[in-house]
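J.: model this:
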Amino acid sequence: MLPAGIRAAVPAKLSIDINQFDARKKMIALPDGESLAYVSWGNPAGKPVVLIHGYTDSASDWAPLVPYLSKSDRLILVDIRGHGKSSKPECCYTRFDFAYDVKLLLDALHIKKADIIGHSLGSYITQTFAEFWPERTNHVVLIASTAVPPQFDYSPIRNLKEPIDPNSPFMISFWSSPTAVDPEFLKRKRHEAAAIPLRVWIAVLDQRLGSIDLKSTLPRLKAPVLLIWGSEDFIMKGQSRDSLRAALPDAKVKIFDGLGHNPFWEDPAGVADVINSYLDGPG
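T.: Predicted coordinates for the structure are as follows:
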């Protein structure tokens, strides 16, 4: 990890072959009629750790981070419904639908209890899972999360047209970071997002992504929580962070100076070090 205030001018290349990563995806049919894609990584006999990506992303979001996470853990990286290779139904895309899919996936994999890590939209899903299935939740890690609607203008998304241009100014801006990230990785992420049907983009927005208020159910979250933000996150700004810290006063907090909405892309080793210490620690 670089010292505070010093950032790499040249982005580090991914230490993992993302094509090989995607080739390891498996499909599983769930009892609710959906099919989820997921990647298993690490020690099959290890402690289960589920990683849930954000809006219009996929399990490959975690490719920069995976090589630095504990080799002793069993990682389960999910494509949430509507994203990646998972099924893309006309309905429904609330945080409860996403969380129930994760619960059914753990049932199918015979995982009784897991650590859950979520980023952005994935953090909403993680909160919801931990709130409604506390007996299935060990530790929680929320990256770029909030308890109130984000201070972000989602209106440009409603102006998108199909086919979505992955190299449009909006897409490049939406996947930008304040520090260097492998440009080939970012290009791939934009192309993956552009392949998601526009109706899914809009359905997630319509079902309260942009106006969601998570505060009402947060008192149900009893699992130990680690909160991670980048100080330059252009979506989860001060109000978002303050709301979650107030709602979860016992949570551990790490803010990465100078990093953005995807700190685990910008400093995967540093973020993994914090997560590993937390998940493998005493509390």
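J.: drop to CA atoms for contacts and neighbour counts, all remaining ones
T.: Will do.
J.: what bits of this structure have low per-residue confidence?
T.: Along the chain, the model assigns pLDDT under 70 to residues 1-10, 12, 282-283.
J.: can you give me the offset of the biggest helix by length in the chain from its chain's centre?
T.: Identified as the longest helix of the chain according to DSSP state H is helix 95-108. Chain-centre distance of helix 95-108: 15 Å, with C-alpha atoms, centre = their mean, to the nearest Å.
J.: Next SSE downstream of it?
T.: strand 114-119 (DSSP states H and E).
J.: Which elements pack onto whichever helix or strand comes after that next one?
T.: Per DSSP H and E, the first helix or strand lying C-terminal to strand 114-119 is helix 121-132. Packing contacts for helix 121-132, counted by 3 or more C-alpha pairs under 8 Å, 6 or more residues apart in numbering; DSSP states H and E, involve strand 48-52, helix 95-108, strand 114-119, strand 137-143.
J.: angle of helix 121-132 against strand 137-143?
T.: Here helix 121-132 points in a direction 150 degrees away from that of strand 137-143 (axes from the mean of the first three to the mean of the last three C-alpha atoms, to 10 degrees).
J.: Could I get the CA-only coordinates of helix 121-132 as CSV?
T.: What follows is helix 121-132, C-alpha atoms only, in CSV (Å, rounded to 0.1, in the frame of the first residue of the first chain):
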residue,chain,number,x,y,z
LEU,A,121,-25.6,-1.9,-4.3
GLY,A,122,-24.1,-5.1,-3.1
SER,A,123,-23.7,-3.5,0.3
TYR,A,124,-27.4,-2.8,0.4
ILE,A,125,-28.0,-6.5,-0.3
THR,A,126,-25.5,-7.4,2.4
GLN,A,127,-27.2,-5.2,4.9
THR,A,128,-30.5,-6.8,4.1
PHE,A,129,-29.2,-10.4,4.2
ALA,A,130,-27.7,-9.8,7.6
GLU,A,131,-30.8,-8.1,8.9
PHE,A,132,-33.3,-10.9,7.9
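J.: quick one: buried residues of that helix?
T.: Residues of helix 121-132 classed as buried: 121-132 (neighbour count, 16 or more other C-alpha atoms under 10 Å).
J.: now stretch 195-206
T.: 195-198, 200-201, 203-205.
J.: who's in contact with it?
T.: 56, 82-84, 88, 90-94, 157-158, 160-162, 164 (C-alpha atoms under 8 Å, 6 or more residues apart in numbering).
J.: rerun at 10 Å
T.: The contact list for stretch 195-206, computed with C-alpha atoms under 10 Å, 6 or more residues apart in numbering, reads 55-57, 81-85, 88-95, 121, 154-155, 157-158, 160-166, 193-194, 209-212.
J.: can you check stretch 270-283 too?
T.: Stretch 270-283 is contacted from outside by 1-2, 47, 49, 64-71, 73, 115, 117, 138-141, 143, 224-229, 252-256, 263-265, 269, using C-alpha under 10 Å, 6+ apart.
J.: if you go through the chain in chain order, where are the strands?
T.: 26-29, 35-42, 48-52, 74-79, 114-119, 137-143, 225-230, 252-256 (DSSP state E).
J.: Could you dump these into TSV with mean neighbour count added?
T.: Formatted as TSV, the strands of the chain follow (neighbours: other C-alpha atoms under 10 Å):
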stretch	mean neighbour count
strand 26-29	14
strand 35-42	22
strand 48-52	24
strand 74-79	25
strand 114-119	24
strand 137-143	24
strand 225-230	23
strand 252-256	16
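J.: related to what we said a few turns ago, which elements pack onto the longest helix of the chain?
T.: Other helices and strands packing on helix 95-108, by 3 or more C-alpha pairs under 10 Å, 6 or more residues apart in numbering; DSSP states H and E, are strand 26-29, strand 35-42, strand 48-52, strand 74-79, helix 121-132.
J.: Let's have these in CSV, adding distance to residue 182.
T.: Formatted as CSV, the helices and strands packed on helix 95-108 follow (distance: least, C-alpha to C-alpha, whole Å):
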stretch, distance to residue 182
strand 26-29, 26
strand 35-42, 22
strand 48-52, 21
strand 74-79, 21
helix 121-132, 22
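J.: now residue 224, nearest residue through space, not along the chain?
T.: residue 139 (5.3 Å; C-alpha to C-alpha, 6 or more residues apart in numbering).
J.: before we move on, the earlier item: for residue 22, state which of the buried residues of stretch 195-206 is nearest.
T.: Lowest distance from residue 22 to the buried residues of stretch 195-206 (C-alpha to C-alpha) belongs to residue 195, with 15.1 Å.
J.: Good, wrapping up.
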